[in-house]
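S.K.: Predicted model follows, preceded by the sequence.
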Amino acid sequence: MGKLFGTDGVRGIANTELTGRLAYELGRAGAYVLTKETSHTPKILVGMDTRISGDMLEAALTAGICSVGAHAVLAGIVPTPAVAYLVRKYKLDAGIVISASHNPVEYNGIKFFNSEGYKLRDELENMIEDIVLSDKDDLPKPTGEFIGTKSIAEEALDDYIDFLTASGKVKFNGIKVAVDCANGASYKAAPIALLNLGADLCIIHNEPNGNNINLNCGSTHIDSLKKLVVENGADIGFAFDGDADRCLAVDENGELIDGDKILAICGLYLKENGKLSGDTVVGTVMSNMGLSVMGKKHGINIEQANVGDRYVIEKMLEGGYCLGGEQSGHIIFHEYNTTGDGIITAIQMLTVLKVKGVKASELAKVMDVYPQVLVNAKIKNEYKNTYMDNEEVSAAVHSLEKKFEGDGRVLIRPSGTEPLVRVMIEGTDIEQMQHDAEELAAIIEKNLQ
C-alpha cells in the first residue's frame, strides 16, 4: 500500500490530513497522469458527496486540474457510481470523486476513475503518488490561453437518474420500500429513481446539512432502517452509505440481508435465467463461508478477490464475469456499471423480489450465514502494513490460526481507509470466537499504538 492511497483512494481528516494543498497536488498529478497521452484539451469530471469539506476540496482539486491545462467538469453532489457512469456517457478523459464513503463527516477522500469508468490500478495510483511526494516538479505549467478552465455539468444528476430508471426491467408497483439515504449523495437519486419505477416509498435520512452524513444512519448503522421497515410494514428496506456505492438490505421482519446474501440471491437469479457469465460470482477473502457453500449447492463458482471493490472488478474483468461484490454492500452488476452502485443493487434486488413473488425473507434463505466475528484493533497508521514484523503480534496470530485450522478460519488484514487492523474469525462457537478475536486485538493494540 502506498503512503497516500488506500484501498479506495486517498482519505483522511479534512483540512489536517487531507488538506487543500494536498487536494491541489492530487488534482495536478492525477490530471497529468490520466490524460498525458491525449491530443486534445483533457476533460475531467468531478463529483462529491454531501459533507461540509467538499466545497473546499473541490475548489483546490479544480485549481490543480486547471493548473496543468485540463478542463474540470463539475457535477456537484452525485453518488460515486454516477461519476463512473457519466465519464463514459459524456466521453470524458477521467473522473474524480471527493468522498470518504461510509466514514464520519470529519473525514474526506479523493478517488480517481479512468476514461472507461474504472477505478485505477495500483501502478497508476503509484505514479500519481510518486509525483505528489517527489521533491521535483516536472509537471506542465501552461500560461495564457492554455491554462485550464471549469464548467458545470447541469444535467449530471438527471442523466444518472435516467440511467437508473432505465435499468429497471419491471415496475415495482405494489412493493413498499423503506430507504435510508445516510444523509449522503443518494438523497435525491435513490428516491426519484425508485418512484419512477413504481415503488411505494418511506424514506429517512434524506436531509443532508453537510454535517450529518453517515451520522447514526446508512449502511453502517442499520438499526434505524430495521425499525422503519417493521413499523411501516415495508416489504424490504435498503440502506446506502454516504456516497451510495454500498447498499445493504433488510427483509420484511427487520433482518439484515448483507452483501454476501445479496450476491447469493442475485447470483442464483441470474443463473436460473441463463445470465450468470461463467456461472461465477466474485466475492472477497472476507466473504462468509456460507456463500461458498451456497455456490456448491447450486453449481455456482465463488471466486475470491482482495478486499476493495476495485480488486473485485479486476477479477471480474479477468474472467469476464458479470457479478461480484463485498459483504459490506459494494455490489457490482457489470452489465450496468463499472463500480459498486448501491441504487442499481436495490433495483436488481427489487427485480428479483417482484419477479419471484415471494417475501424478502424467503429470498434470503438461499444462504446460511456461518458465525463470524470482527474486531478492530486501533494502531498507529505507520504500522498498518508491518504489524506482522512485531514478534508478539506474529506469534499470537500464528497461534490463533493453528487453533481454528480445520474448524473455521482466521483472517487478519489492515483497513484500507482507517488506522486499524481487522481481526476476523469464522467458525461455530461464537462466544469463543469473540473472546479470541478481542484477545488478539488487545495484543495488537498494546504493541502497535
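M.R.: Sure, I can see it.

S.K.: Only C-alpha atoms from now on, for both contacts and neighbour counts.
M.R.: Fine.

S.K.: what are the ranges of the helices in the stretch 1-150 of the chain?
M.R.: Assigned by DSSP state H, counting those that start in this stretch, the helices in the stretch 1-150 of the chain fall at 20-35, 54-67, 80-89, 122-133.

S.K.: Now the second one: buried residues?
M.R.: Put plainly, it is helix 54-67. For helix 54-67, burial by neighbour count (16 or more other Cα atoms under 10 Å) applies to 54, 57, 58, 60, 61, 62, 63, 64, 65, 66, 67.

S.K.: what's the answer for the last one, then?
M.R.: Neighbour counts using 16+ other Cα under 10 Å place 122, 124, 125, 126, 128, 129, 131, 132 of helix 122-133 among the buried residues.

S.K.: of those, closest to residue 317?
M.R.: residue 122 (15.6 Å; Cα to Cα).

S.K.: Quick one: the helices of the stretch 1-150 of the chain as a markdown table, columns for distance to residue 304 and mean pLDDT too.
M.R.: Below are the helices of the stretch 1-150 of the chain laid out as a markdown table (distance: least, Cα to Cα, whole Å; pLDDT from 0 to 100):
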| stretch | distance to residue 304 | mean pLDDT |
| --- | --- | --- |
| helix 20-35 | 29 | 96 |
| helix 54-67 | 34 | 98 |
| helix 80-89 | 23 | 98 |
| helix 122-133 | 18 | 93 |
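
S.K.: picking up where we left off before, which among the buried residues of helix 54-67 gets closest to residue 228?
M.R.: Distances from residue 228 to these, taken by Cα to Cα, are shortest for residue 54, at 29.7 Å.

S.K.: Give the residue spans of the stretch 301-449 of the chain that score low on pLDDT.
M.R.: In the prediction, the stretch 301-449 of the chain carries no residues with pLDDT under 70.

S.K.: which residue ranges form the helices in it?
M.R.: Under DSSP H, counting those that start in this stretch, the stretch 301-449 of the chain gives helices at 309-319, 342-356, 360-364, 391-404, 430-448.

S.K.: mind checking which of those is nearest residue 78?
M.R.: Closest among the helices of the stretch 301-449 of the chain, using Cα to Cα: helix 342-356, at 12.0 Å.

S.K.: and that closest one, what other elements does it pack with?
M.R.: Contact analysis of helix 342-356 by 3 or more Cα pairs under 8 Å, 6 or more residues apart in numbering; DSSP states H and E lists helix 156-167, strand 236-240, strand 247-250, helix 259-272, strand 331-333 as its packing neighbours.

S.K.: Make TSV from the ones you listed and add distance to residue 317 and mean neighbour count to it.
M.R.: Converted to TSV, those look like this (distance: least, Cα to Cα, whole Å; neighbours: other Cα atoms under 10 Å):
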stretch	distance to residue 317	mean neighbour count
helix 156-167	21	18
strand 236-240	25	32
strand 247-250	22	30
helix 259-272	17	22
strand 331-333	11	27
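
S.K.: Throw these into CSV and include distance to residue 280, thanks.
M.R.: Shown next, in CSV, are the helices and strands packed on helix 342-356 (distance: least, Cα to Cα, whole Å):
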stretch, distance to residue 280
helix 156-167, 22
strand 236-240, 25
strand 247-250, 21
helix 259-272, 8
strand 331-333, 13
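
S.K.: Of those, which is nearest residue 13?
M.R.: strand 236-240 (21.6 Å).

S.K.: Next, the angle from the closest one to helix 342-356.
M.R.: If you take axes from the mean of the first three to the mean of the last three Cα atoms, to 10 degrees, strand 236-240 sits at 170 degrees to helix 342-356.

S.K.: CA atoms of stretch 424-440 as CSV?
M.R.: C-alpha atoms of stretch 424-440 as CSV (Å, rounded to 0.1, in the frame of the first residue of the first chain):
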residue,chain,number,x,y,z
MET,A,424,-12.0,-11.7,11.7
ILE,A,425,-12.7,-15.2,12.9
GLU,A,426,-15.3,-17.6,11.3
GLY,A,427,-16.4,-20.8,12.9
THR,A,428,-19.0,-22.4,15.1
ASP,A,429,-18.5,-21.3,18.7
ILE,A,430,-19.4,-17.6,18.6
GLU,A,431,-18.5,-16.9,22.3
GLN,A,432,-15.1,-18.4,22.0
MET,A,433,-14.5,-16.7,18.6
GLN,A,434,-15.4,-13.3,20.2
HIS,A,435,-13.1,-13.9,23.1
ASP,A,436,-10.2,-14.9,20.9
ALA,A,437,-10.7,-12.0,18.5
GLU,A,438,-10.8,-9.5,21.3
GLU,A,439,-7.7,-11.0,22.9
LEU,A,440,-5.7,-10.8,19.7
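
S.K.: Looking at the buried residues of helix 122-133, which is nearest residue 31?
M.R.: For the buried residues of helix 122-133, the nearest to residue 31 is residue 128 (9.1 Å; Cα to Cα).

S.K.: Against residue 121, how distant is that closest one?
M.R.: According to Cα to Cα, to the nearest Å, residue 128 stands 11 Å off from residue 121.
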